[in-house]
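**Q** just to be clear, the model below is a prediction. Sequence and coordinates:
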Amino acid sequence: MSSTAKQRMLARAARDITPGMTVNLGIGLPTQVMAHVGADCPVCLHSENGIAGVGGLAAPGHEDRNLIDAGGGYITCAPGGSFFDSAVSFALVRGGRLDLTLLGAFEVAANGDLANWIIPGKSAAGVGGAIELAQKARRVGVLTSHTDKHGNPKILERCTLPLTAVGCVNRIYTDMAVCDVQPDGLHLVELAEGVTLAEVRAATGAPLIVPAGPIPTF
Amino acid sequence: MSSTAKQRMLARAARDITPGMTVNLGIGLPTQVMAHVGADCPVCLHSENGIAGVGGLAAPGHEDRNLIDAGGGYITCAPGGSFFDSAVSFALVRGGRLDLTLLGAFEVAANGDLANWIIPGKSAAGVGGAIELAQKARRVGVLTSHTDKHGNPKILERCTLPLTAVGCVNRIYTDMAVCDVQPDGLHLVELAEGVTLAEVRAATGAPLIVPAGPIPTF
Amino acid sequence: MPLLDKSTDLAEAIGRIGDGARIMIGGFGVPGTPFTLIAELVRHGPKNLTIIKNDANEPGMGVDWLLGAGMVSRLITSHVGLNGNAVRMMNAGEIEVEFVAQGILAERIRTAGAGLKGFVSDIGIGTLLAEGKQRVEMDGATYLIEPALEADFALVHAARADTFGNLAYAATARNFNPLMAMAANCTIAEAEVIVGTGGIDPDMVHTPAPFVDHLVALPEKLMEVYGVVHR
Amino acid sequence: MPLLDKSTDLAEAIGRIGDGARIMIGGFGVPGTPFTLIAELVRHGPKNLTIIKNDANEPGMGVDWLLGAGMVSRLITSHVGLNGNAVRMMNAGEIEVEFVAQGILAERIRTAGAGLKGFVSDIGIGTLLAEGKQRVEMDGATYLIEPALEADFALVHAARADTFGNLAYAATARNFNPLMAMAANCTIAEAEVIVGTGGIDPDMVHTPAPFVDHLVALPEKLMEVYGVVHR
């Protein structure tokens, strides 16, 4: 994935973060989406280790030893932020107060199944908070390269790996396209600039339902 | 119950409140036990509406509108007290952190059954927090007049009223005696000063197991 | 990054409550009861409400206003002993009352707030209160399943809030408020003081703002009913 | 009325932990991990421990000290990805690891702290993590029963305490600490600052003192491991 394509994908995902949302961004690519959200957009960033209202990354030399996000990065707390214990933190997730989570994926399926925590035969280091984020956020977006490093599709008809959660994904953002999971299958919503429908079809392991008119680009 | 007998009963119950205990005192007679606990005895008084470390009753004119006990009385908070929500308050009770509760009774049985919340046919206004206090405090004491206002025993072989909790009572304090619930039955532990064994037996609706030697008085 | 300002008008906040709504109301006795929100609810006048509250307040106060206005069809509570009106209406069949042990009521509300379906407990086994409840075997013993208790709205009272909706309660006015704030689909908070974001230490927030939807400022001079009750 | 002083000596507090104990340890990464209590536990040296902690810290830190000393037979955790030693020992069968989804781990601990037997949830249904779990039908759907997770001891880290054992945590160092403090039979807290009773506002207590058994003061200069991790 080129740097340009990656930045375009991050910016596209950021446009779905709208004023007033409470959002949890998974470790890796999803965390980088925040840099693309407008500085004046009122968004509450949740991290499952016990904060709502992440301000941003702590400046080097100004880290607070007691203030990290779930990925272990040193962060700041925005004015209006709050700290709470792990039970309250996941109550917020499971109780329907998390409007959106963006997660990474090993595989994501046309039926919304997500696999992002274990590859059997390789080491399994535990699921952390991923299951509850995937299963219970009101809206789940997946950020991923469209294909793996060998060029194989990561978007499949059915996942082959053990699932993180069943039918949980609403939207998939990749370097090539934006796709929505709908009851009738996977809909191509937008194409990345310079990417053709044929290229996306070839790189996707599931049938794509394509809009009748011109396909918007991002 | 004479005022002297009542004060003697309250003082006797207070002697079982020992340093370091966390204690919940039910509405009515039990609440009055506190006045008999030594002022230098470190005891943490819990009220189920959300305080550990009740200081005492608020002085008239110095009530805090936000600070009551579960009976609705205005109280103070001792230095070292804490406030918490109702879920934490009952977590403390059910989780084994309440060393002792003293409760009132309609009826109490030789097997430790307690009935203190509903008299069928009369109005039932709800059980409040009594069930959990009775069932889960590490130790449950009952404070009651030995007989009801008609002179009928309140200590029975089996309760006739709907139970608050099954087999929960450890010790019974009355104006006539102190009795312990043991696996083999109800043991007479102490007699109130000036009360005879025969009088207690006559006023008790269950067989009493009496110590071999002289019976201590209180 | 800024955070949303959830301050709103009293009538607008309460105006979204319709007939048949299930409403949780904070408070244990007077402390923590959102009297201003309740008074506006009476003015607004939806019918056939289910009210979930620890107690029914006392005559002439809070929940009693709703009872008196004939707006309540069902009350889920731990006890109503201080309100003879509630007892009378219950006995006359004018309202249906479900009694729940106080800590079980708190926990059923919290369970909804935690997005869980229910919990497993031994509280009340061997008593009337266990009758009719679903049972389950665990480790060779029998337990009761207590279902989560959800609501459409929660009305809560805070001593202090920031504009984003972080809440802090005073003393025993906390009680059921933080639990209910988590459990309802829409949480409306009244606050005695509302400060800007950053005005509450993030370590000292009792209800994190994501649980709060709408925030109503109380006038500096509170209604008399909030004061000390002289008996 | 005065309240008990629970301050004690580090060695005395930890000395009561014996072989085979089930020990909850607070912390999520570095923040909130009671490194001083863990270091003393290593010195004391009980064997065959079950450790319940969100994560296994990183190599050379906290839980890793216990693993390195061969004191741990079982680890109940949400993930160990940052500690290669834990992964290696797990794969070599030197320790048994039970993975629990993070929020379910938190809730199972809280359930024990609340004196309940378990809770009912739909988390993980349709995945590997549901396998082998007890199921129950409610409202026509199938749910999982998650049992309470209890422990003999909880080791927690507080920023501030009073002598009675009221605890306050700093920022994201709160995490599992208040839950574990409630869940264990014996809770031992280390605190950076211990003040007299009355030194913590009762509205701002995170863990009420009745949940805390023993309190250990940390030296003014903390071990380096408490500091910011530079990667």
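**A** Received it, and whenever you're ready, just let me know what you need.
**Q** list the contacts for the closest residue to A:Leu98 other than its chain neighbours?
**A** Among residues not flanking A:Leu98 along the chain, A:Ala137 sits closest, at 4.6 Å (C-beta to C-beta, 6 or more residues apart in numbering or on different chains). C-beta: built from backbone N, CA, C; applies to glycine. Listed by C-beta atoms under 8 Å, 6 or more residues apart in numbering or on different chains, the contact set of A:Ala137 reads A:Asn24, A:Val93, A:Leu98, A:Asp99, A:Leu100, A:Thr101.
**Q** with C:Val225 as the reference, measure out to A:Ala137.
**A** Distance, A:Ala137 to C:Val225, by C-beta to C-beta, to the nearest Å: 41 Å.
**Q** interface residues of chain A facing chain C?
**A** Residues of chain A lying close to chain C by C-beta under 8 Å from any C-beta of the partner chain are A:19-20, A:22, A:37, A:39-46, A:51-56, A:77-84, A:87-88, A:90-98, A:136.
**Q** pull the CA atoms of stretch C:23-43 into CSV?
**A** What follows is stretch C:23-43, C-alpha atoms only, in CSV (Å, rounded to 0.1, in the frame of the first residue of the first chain):
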residue,chain,number,x,y,z
ILE,C,23,-38.3,5.8,32.9
MET,C,24,-35.6,5.3,35.6
ILE,C,25,-35.5,8.1,38.2
GLY,C,26,-32.5,8.5,40.5
GLY,C,27,-32.6,9.2,44.2
PHE,C,28,-32.9,7.5,47.5
GLY,C,29,-35.4,9.5,49.5
VAL,C,30,-34.8,13.2,48.7
PRO,C,31,-31.1,13.1,48.0
GLY,C,32,-30.4,12.6,44.3
THR,C,33,-34.0,12.8,43.2
PRO,C,34,-34.3,15.0,40.0
PHE,C,35,-37.3,17.0,41.2
THR,C,36,-37.1,19.6,38.4
LEU,C,37,-37.1,17.0,35.7
ILE,C,38,-40.0,15.2,37.4
ALA,C,39,-42.0,18.4,37.7
GLU,C,40,-41.5,19.1,34.0
LEU,C,41,-42.5,15.5,33.2
VAL,C,42,-45.8,16.2,35.1
ARG,C,43,-46.3,19.4,33.1
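**Q** buried sites along that stretch?
**A** Within stretch C:23-43, the residues scored as buried using 16 or more other C-beta atoms under 10 Å in any protein chain shown are C:23-41.
**Q** stretch C:117-128 now?
**A** For stretch C:117-128, the neighbour count (16+ other C-beta under 10 Å) marks C:Lys117, C:Gly118, C:Phe119, C:Val120, C:Ser121, C:Asp122, C:Ile123, C:Gly124, C:Ile125, C:Thr127, C:Leu128 as buried.
**Q** what about A:Leu156, how many residues nearby?
**A** 20 (other C-beta atoms under 10 Å in any protein chain shown).
**Q** correct me, but it touches A:Phe106?
**A** No - under the criterion of C-beta atoms under 8 Å, A:Leu156 makes no contact with A:Phe106, lying 10.4 Å away.
**Q** from the contact counts, what lies against the longest helix seen in chain C?
**A** Of all segments of type helix in chain C, defined using DSSP state H, the longest is helix C:102-113. In terms of contacts (3 or more C-beta pairs under 8 Å, 6 or more residues apart in numbering or on different chains; DSSP states H and E), helix C:102-113 is packed against helix B:86-94, helix B:130-136, strand C:118-121, strand C:141-147, helix C:177-183.
**Q** which of the ones you listed sits closest to chain D?
**A** Nearest of the helices and strands packed on helix C:102-113 to chain D, taken as C-beta to the nearest C-beta: helix B:86-94 at 2.6 Å.
**Q** what mean pLDDT does the closest one get?
**A** Confidence over helix B:86-94 (mean pLDDT, whole number) is 98.
**Q** is chain A contacted by it?
**A** No - figure legend: helix B:86-94 not in contact with chain A (C-beta under 8 Å from any C-beta); closest approach 10.3 Å.
**Q** after that helix, which helix or strand is next?
**A** strand B:100-103 (DSSP states H and E).
**Q** is that next one in proximity to chain D?
**A** No - Strand B:100-103 stays out of contact with chain D when judged by C-beta under 8 Å from any C-beta, the minimum separation being 12.1 Å.
**Q** and C:Arg74, what are its phi and psi?
**A** Note on C:Arg74: its backbone torsions stand at phi -150, psi 140 [degrees, to the nearest 10].
**Q** from chain A, how far out is it?
**A** 23 Å (C-beta to the nearest C-beta, to the nearest Å).
**Q** just the closest residue of chain A to chain C, please.
**A** Nearest residue of chain A to chain C (C-beta to the nearest C-beta) works out as A:Arg94 at 2.6 Å.
**Q** was I right about that residue contacting D:Gln102?
**A** No - if you go by C-beta under 8 Å, A:Arg94 and D:Gln102 don't touch, sitting 11.4 Å apart.
**Q** could you pull out the helices in chain C for me?
**A** Under the criterion DSSP H, helices of chain C are mapped to C:10-15, C:35-44, C:63-68, C:84-91, C:102-113, C:177-183.
**Q** just the angle between the fifth one and helix A:86-94, please?
**A** Just to be clear, that refers to helix C:102-113. 50 degrees (axes from the mean of the first three to the mean of the last three C-alpha atoms, to 10 degrees).
**Q** quick one: contacts for the nearest residue to C:Gly115 once chain neighbours are set aside?
**A** Leaving out its chain neighbours, the residue that sits closest to C:Gly115 by C-beta to C-beta, 6+ apart is A:Arg94, at 2.6 Å. Applying C-beta under 8 Å, 6+ apart to A:Arg94 gives the contacts A:Glu132, A:Lys136, C:Ala114, C:Gly115, C:Leu116, D:Gly103, D:Ser121, D:Ile123.
**Q** only the buried residues of the helix ranked longest in chain A, if you could.
**A** Counting residues, the longest helix found in chain A (DSSP H) is helix A:3-14. By neighbour count on 16+ other C-beta under 10 Å, the buried set for helix A:3-14 is A:Ala5, A:Arg8, A:Met9, A:Leu10, A:Arg12, A:Ala13, A:Ala14.
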